[in-house]
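In: Sequence first, predicted model second:
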Protein chains: 2
Amino acid sequence: MSPNLCISGVSRRALLSVLAVLPALSGSLRPMPARAQTAASGATLPSWNDGAAKQAITNFVAAVTREGSADYVPPAERIATFDNDGTLWVEHPVYTQLAFALDRVKALAPLHPEWKNTPPFKAALEGDLKALVESGEHGLTELVVTTHAGMTTEEFQKIVIDWFATARDPRFKRPYTELSYQPMIELLAYLRTNGFKTFIVSGGGTSIKTKLQMRDGRPELFRLAEVNFVDDGVGKPVGINEFIGRHPIAAFGNSDGDLQMLQWTTMAGPRSLGLIVHHTDAVREYAYDRDTPFGRLDKALDAAAVNKWTVVDMKNDWKRIFAFE
Amino acid sequence: MSPNLCISGVSRRALLSVLAVLPALSGSLRPMPARAQTAASGATLPSWNDGAAKQAITNFVAAVTREGSADYVPPAERIATFDNDGTLWVEHPVYTQLAFALDRVKALAPLHPEWKNTPPFKAALEGDLKALVESGEHGLTELVVTTHAGMTTEEFQKIVIDWFATARDPRFKRPYTELSYQPMIELLAYLRTNGFKTFIVSGGGTSIKTKLQMRDGRPELFRLAEVNFVDDGVGKPVGINEFIGRHPIAAFGNSDGDLQMLQWTTMAGPRSLGLIVHHTDAVREYAYDRDTPFGRLDKALDAAAVNKWTVVDMKNDWKRIFAFE
């Protein structure tokens, strides 16, 4: 798969509104696995260089965990929410979920010889994202129906797990699950060590509609060709309230899709932390902000200055990016 | 408030489809507070009499936690789901959420003198549930709009917390939060002690739609007059998949609204536990099953026999019902 990186105008929202979910991967809105919890033993945030970003994090945590301080927050209210794509793991050249969808079309293609000449599938088979996006919402929805719906939740889970076992990122030639950012894994662990509950609030979520149906005398959940909820933009605060039921005091993102989550988290009054991961390292990862189709950081970068959010300069603030480095 | 207990034909689904949520109360689909986790120190399930029900629970837990056994389940997959009303706390004479809605109408009545003669509000003010239900879905929706929506999430939370601080159950004259069943609190703690994650899957949930809006320059979530999701009947498996993302191996309910959750949990193949709380104790609590408007247990009672679910006879299986006894 060699997706065209030069297309512009690929709306994350347009993609998200039709692309569904990789539950095994993102565990959206659920706590991260225990593995990460032990990663921070030893020094605090060892993969972070000393500097303003690291200092902002440790200052914030010290303030809200110090009993008696004006900023003290009891553990039950220490909620931290994280965007996933581009914040916790790589989102270029395309969102992992889109890579899954495209691979899935290829895997199913032998059963559908007509796809070679049918718009959205033709584009997917050729890795032509520009044409794919031009097929419009109808085309993308059709792609999702085919790749993310029409089976039980158990069947889909197996498909996703199997895909992760063999799929490799085109640049790093590694499983997608290895492309999480080591400094962020450490940050998650550091927050949990300090009594926070951490949640992933991802547009690549689980929110495709399901329906209970009987099959062979057993009730099973079937995935319908309908998106339930788009966990991006204004959807993030809505989803946090719906799934977590508490107002975060810290929020972490990297793109305009995280703007409202960061605003809602940091503009409530009490001490809070807003942080944006700025992709500035084309050598070790990628460099992009205002002009990328995936993970565009434009309004949220302006808002960061206004709201005094911490902006992480990946190139300078992160000692290493991946655990495998 | 003296609700009429004699109405029949009050559909739980009809009520649920328009009644929204008490987040502070039910913590639906979120883990129970830590208080319960320490309740089981000492003897196992001390408020349970020895008998088939208790034995079924301890046998199941022993089987799925014994490494090497054919029924062994790793901790991450030990998911137990609990209905709330009638399973964890009292649902008679009416669901606590309905009691809240009726009290809320009374509290707001001075601002709305016209309510005295306006159908759903008139019925609410007079505690005339029969008339209330006869006002139909339109009437009940209007009641909900007034009592559960039209404010921010923070404002609503405060209203609910304030209500709980003063509201008293009409029979026991105690705060509603004291009307949870001690044996079930112990069961929750016992399961967690054995590596389970426990979730409350309640129709009295948080699922009213919200919308992010700016007010005084700050983004806030406003509660809209629209129900997002009905977590009852077929909605319970759907909600469990959406919010928890794992298939339960144990499910606990007390009414037909729990039927599909119990079927989905226990008919999947691997060893599981389905349990129904049967209200058989009119002296200490209430006795009802097939003929009650609130918490009707009819189809699920028949299904219990077919599926070999454990049916708890409250009168004989529970040594005590409430912590305050």
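Out: Received the coordinates, thanks. Residues are numbered from 1 along each chain as shown, chains lettered A, B, ... in the order given.

In: Counting neighbours, what do you get for A:Phe60?
Out: If you count neighbours by other Cβ atoms under 10 Å in any protein chain shown, A:Phe60 ends up with 21. Placement of C-beta: from N, CA and C, glycine included.

In: Quickly find the element holding it.
Out: Here A:Phe60, judged by DSSP states H and E, is contained in helix A:52-65.

In: Show me which positions of that helix end up buried.
Out: A:53-54, A:56-57, A:60-61, A:64-65 (16 or more other Cβ atoms under 10 Å in any protein chain shown).

In: Tell me the gap between that helix and the middle of its chain.
Out: Relative to the mean C-alpha coordinate of its chain, helix A:52-65 is positioned 24 Å out (Cα atoms, centre = their mean, to the nearest Å).

In: same question for that helix, mean pLDDT?
Out: Per-region confidence: helix A:52-65 scores 98 on mean pLDDT.

In: Given the following helix or strand past it, what are its sheet partners and their directions?
Out: The first helix or strand that comes after helix A:52-65 along the chain, using DSSP H and E, is strand A:79-82. If you go by DSSP bridges, strand A:79-82 pairs up with strand A:197-200 (parallel), strand A:250-253 (parallel).

In: so which of those strands is the most packed in?
Out: Highest mean neighbour count among the strands paired with strand A:79-82 (mean count of other Cβ atoms under 10 Å in any protein chain shown): strand A:250-253, with a mean of 29.

In: With just CA atoms, put it into PDB.
Out: Extracted in PDB, the C-alpha atoms of strand A:250-253 (Å, rounded to 0.1, in the frame of the first residue of the first chain):
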ATOM      1  CA  ALA A 250      -6.000  17.300  31.800                       C
ATOM      2  CA  ALA A 251      -6.400  16.700  28.100                       C
ATOM      3  CA  PHE A 252      -3.900  15.700  25.400                       C
ATOM      4  CA  GLY A 253      -4.300  16.100  21.700                       C
END
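
In: Can you confirm whether the following helix or strand past it lies near chain B?
Out: Next along the chain after strand A:250-253, taking DSSP H and E as the criterion, comes helix A:259-266. Yes - Helix A:259-266 is in contact with chain B by Cβ under 8 Å from any Cβ of the partner chain, via A:260, A:263-264.

In: that older thread, can you add mean pLDDT and give the strands paired with strand A:79-82 back as TSV?
Out: What follows is the strands paired with strand A:79-82, written out as TSV (pLDDT from 0 to 100):
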stretch	mean pLDDT
strand A:197-200	97
strand A:250-253	98
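
In: May I see the buried residues of helix A:52-65 organised as a markdown table, with distance to chain B added?
Out: Compiled in a markdown table, these are given as follows (distance: Cβ to the nearest Cβ, whole Å):
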| residue | distance to chain B |
| --- | --- |
| A:Ala53 | 24 |
| A:Lys54 | 28 |
| A:Ala56 | 22 |
| A:Ile57 | 23 |
| A:Phe60 | 20 |
| A:Val61 | 22 |
| A:Val64 | 19 |
| A:Thr65 | 18 |
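
In: Select, from those residues, the two members most distant in space.
Out: Farthest pair in those (Cβ to Cβ) is A:Ala53 and A:Thr65. Separation: 19.0 Å.

In: What segments of the stretch 1-150 of chain A are helices?
Out: A:12-18, A:23-26, A:52-65, A:96-108, A:119-125, A:129-134, A:136-148 (DSSP state H, counting those that start in this stretch).

In: Pull the distance from the fifth one to the chain's centre.
Out: Spelled out, it's helix A:119-125. The answer for helix A:119-125 is 25 Å, by Cα atoms, centre = their mean.

In: what packs against it?
Out: Counting by 3 or more Cβ pairs under 8 Å, 6 or more residues apart in numbering or on different chains; DSSP states H and E, the packing neighbours recorded for helix A:119-125 are helix A:96-108, helix A:129-134, helix A:136-148.

In: right, and these - which one's nearest chain B?
Out: helix A:136-148 (14.1 Å; Cβ to the nearest Cβ).

In: Spell out whether the following helix or strand past that closest one and chain B are in contact.
Out: Remark: after helix A:136-148, the chain's next helix or strand is helix A:153-166, criterion DSSP H and E. Yes - judged by Cβ under 8 Å from any Cβ, helix A:153-166 comes into contact with chain B through A:153-154.

In: now helix A:153-166: mean pLDDT?
Out: 95.

In: for chain B, what are the nearby residues on chain A?
Out: Contact residues, chain A versus chain B (Cβ under 8 Å from any Cβ): A:23, A:27, A:30, A:153-154, A:206-207, A:210-212, A:217-221, A:228, A:234, A:237-238, A:241-245, A:247, A:260, A:263-264, A:267-268.

In: Using CSV, list the CA coordinates for the helix holding A:Phe60.
Out: What follows is helix A:52-65 as a C-alpha-only set of coordinates in CSV (Å, rounded to 0.1, in the frame of the first residue of the first chain):
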residue,chain,number,x,y,z
ALA,A,52,9.2,23.8,29.4
ALA,A,53,6.9,20.9,28.3
LYS,A,54,8.2,18.4,30.8
GLN,A,55,8.2,21.1,33.5
ALA,A,56,4.6,22.0,32.8
ILE,A,57,3.5,18.4,33.2
THR,A,58,5.4,17.8,36.5
ASN,A,59,4.4,21.2,37.9
PHE,A,60,0.7,20.5,37.2
VAL,A,61,0.8,17.0,38.7
ALA,A,62,2.6,18.3,41.8
ALA,A,63,0.0,21.0,42.2
VAL,A,64,-3.1,18.9,41.9
THR,A,65,-1.7,16.0,44.1
